[in-house]
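1. just to be clear, the model below is a prediction. Sequence and coordinates:
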Amino acid sequence: MPDFHYRGLSISGSVSGFIEASSKKSAESLLKAKGIKVLNLKVERPYDVKTFWLFLSLIKSLLDQKISLVDALEISLNQSNSKIKKIASRTLSQLSEGQTLDVIFESIFKGLDQKTLSLLKIGSEQSGLAHAAGILLEEQKLKKDINREFNRAIAYPAFVLLFAVAALIVVFDTVLPEFSQFIDQQNQTLMQKIILSGAGKGYSTFLSVLWLLLLTGFSLLALQKLHASRKFYYYFMTTVPGLKLISRKTSAYEYLNAINLAMSLNVDLGSSVQLAEKTVGNLIHRSKIENIKTMLLNGVTFSTAIRETQLFEPMQIAKIEVGEKSKTLPEILNSIVADLIEKRRQRFALFSQLVGPFAIILLGIIIFLVAYVVVTPMMALQNTIG
């Protein structure tokens, strides 16, 4: 439900604050029931995720000074940034009404995942909010570093591809139409016919391909976002070779990472499992992982339960089994997650190293195609003249 900012009058005088309601009319009714005469009421739009990480970083730095959350929020009210001031004010107002931090942030910020909200809830309940915020910020920094490396790696190939496409459009729309007028179609080879059939169609073909790619991308995005089609999307991701392996490893990483983060906040295994199952994005994998909680309640060990899902590597299961027997499961999980993160970094580093040579090969292929497209009609014209 949206939040509404109100200003009004009560027995004690002028009042202002925030209230959560399904509609403006409902908010007015709730305020009237509290004895507040509404003077001004407007809906507060949710903030984006980028603002959330900025705000969380500020709160984390204040909490590290060994002050309470309320004191940190009151200090934030003195910030020059208007967004930070409004967020701190809304959070303080809703905390005074007894709402938990995860519920407050879910209403203030748009697009927060369940893992982030759950960890903040656990951190506030376990008096470890600063630690939970630190873990989340460190993970966010890792994601940004990986994304930065990926963007840097594809920048050069993207430029090469753009230049090559532009060159091909020019050749097909300006060079080939001139040649095609003088070439006898009967003397053309199959390859020459294919190339010359695109004369004058370079730009239109480019637009068609571009729209097709955009339509495909938006369709996949819709399949992922729309509730009715999400199962079909994830079924596709879990059945296609290659995508199946990537999807399985991603779900395993999401699950183990969430359990590791929860247990680092001194949360017991049962609660950690319940938290972690919400962080798995793939609905088909999540349905398998949700059975782990039931098996644990029936006395099955954690290593046996995750083996039944068929989502985890045998070595990971073996390490977890050793951790259970030696009562060092948090340490083992931490080492497994650290290895997974390091492997992700290594894969992106390898990708970055291969992109350069691949881009050179791609450029060579494009140059060959451009040259072949130009030379082919010249050869056909020579055959016609001859």
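-> That came in fine, so what should we check first?
2. following the strand or helix carrying Leu137, which helix or strand comes up?
-> Leu137 belongs to helix 129-170 when assigned by DSSP states H and E. Next along the chain after helix 129-170, taking DSSP H and E as the criterion, comes helix 176-180.
3. mind giving me the packing neighbours of that following helix?
-> helix 190-196, helix 329-385 (3 or more C-beta pairs under 8 Å, 6 or more residues apart in numbering; DSSP states H and E). C-beta coordinates here come from the backbone N, C-alpha and C atoms, glycine included.
4. and those, which one's lowest on average pLDDT?
-> When the helices and strands packed on helix 176-180 are ranked by mean pLDDT, helix 190-196 comes last with a mean of 72.
5. what about that one, distance to the chain center?
-> Distance of helix 190-196 from the chain centroid (C-alpha atoms, centre = their mean, to the nearest Å) equals 44 Å.
6. C-terminal to that helix, what's the next element?
-> Counting by DSSP H and E, the element after helix 190-196 in chain order, helix or strand, is helix 202-225.
7. which elements pack onto that following helix?
-> Counting contacts by 3+ C-beta pairs under 8 Å, 6+ apart, helix 202-225 is packed against helix 129-170, helix 227-237.
8. which stretch in these has the least confidence?
-> If you rank these by mean pLDDT, helix 227-237 sits at the bottom with a mean of 73.
9. so after it, what's the next helix or strand?
-> Where DSSP H and E defines the elements, the next helix or strand beyond helix 227-237 is helix 243-263.
10. export that next one to CSV, keeping only CA atoms.
-> Output of helix 243-263 as CSV, limited to C-alpha atoms (Å, rounded to 0.1, in the frame of the first residue of the first chain):
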residue,chain,number,x,y,z
LEU,A,243,20.9,-22.3,-19.9
LYS,A,244,19.9,-25.2,-17.7
LEU,A,245,23.4,-25.4,-16.2
ILE,A,246,23.7,-21.6,-15.7
SER,A,247,20.2,-21.5,-14.1
ARG,A,248,21.0,-24.3,-11.7
LYS,A,249,24.3,-22.8,-10.6
THR,A,250,22.7,-19.4,-10.2
SER,A,251,19.9,-20.8,-7.9
ALA,A,252,22.5,-22.8,-5.9
TYR,A,253,24.6,-19.6,-5.4
GLU,A,254,21.5,-17.5,-4.4
TYR,A,255,20.4,-20.1,-1.9
LEU,A,256,23.8,-20.8,-0.2
ASN,A,257,24.7,-17.2,-0.2
ALA,A,258,21.5,-16.2,1.6
ILE,A,259,22.0,-19.0,4.2
ASN,A,260,25.6,-17.9,4.7
LEU,A,261,24.5,-14.2,5.2
ALA,A,262,21.8,-15.2,7.7
MET,A,263,24.0,-17.6,9.7
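11. residues in contact with it?
-> 115, 118-119, 122, 132, 135-136, 139, 234, 236-238, 269, 271-273, 275-277, 279-282, 285-286, 289, 311-313, 316, 329-330, 333-334, 336-337, 340, 344 (C-beta atoms under 8 Å, 6 or more residues apart in numbering).
12. list buried residues within the residues you listed.
-> In those, burial by neighbour count holds for 115, 118-119, 122, 132, 135-136, 139, 234, 237-238, 269, 271-273, 275-277, 279-282, 285-286, 289, 311-312, 316, 329-330, 333-334, 336-337, 340, counting by 16 or more other C-beta atoms under 10 Å.
13. domain map for the protein?
-> Residue ranges for the domains of the chain, per automatic domain parsing: 1-45, 46-112, 115-386.
14. pLDDT of the shortest one, averaged?
-> Domain 1-45 shows a mean pLDDT of 77.
15. just stretch 286-296 next, same as before
-> On average, stretch 286-296 scores 90.
16. return the distance of that stretch from the chain's centre.
-> Put simply, stretch 286-296 sits 24 Å off its chain's centre (C-alpha atoms, centre = their mean).
17. export that stretch to PDB, keeping only CA atoms.
-> What follows is stretch 286-296 as a C-alpha-only set of coordinates in PDB (Å, rounded to 0.1, in the frame of the first residue of the first chain):
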ATOM      1  CA  ARG A 286      12.300 -22.700  -5.500                       C
ATOM      2  CA  SER A 287       9.600 -25.300  -5.400                       C
ATOM      3  CA  LYS A 288      12.300 -28.000  -4.900                       C
ATOM      4  CA  ILE A 289      14.200 -25.900  -2.300                       C
ATOM      5  CA  GLU A 290      11.000 -25.300  -0.300                       C
ATOM      6  CA  ASN A 291      11.000 -29.000   0.500                       C
ATOM      7  CA  ILE A 292      14.200 -28.700   2.400                       C
ATOM      8  CA  LYS A 293      12.400 -27.000   5.300                       C
ATOM      9  CA  THR A 294       9.900 -29.900   5.600                       C
ATOM     10  CA  MET A 295      12.700 -32.500   5.500                       C
ATOM     11  CA  LEU A 296      14.600 -30.700   8.200                       C
END
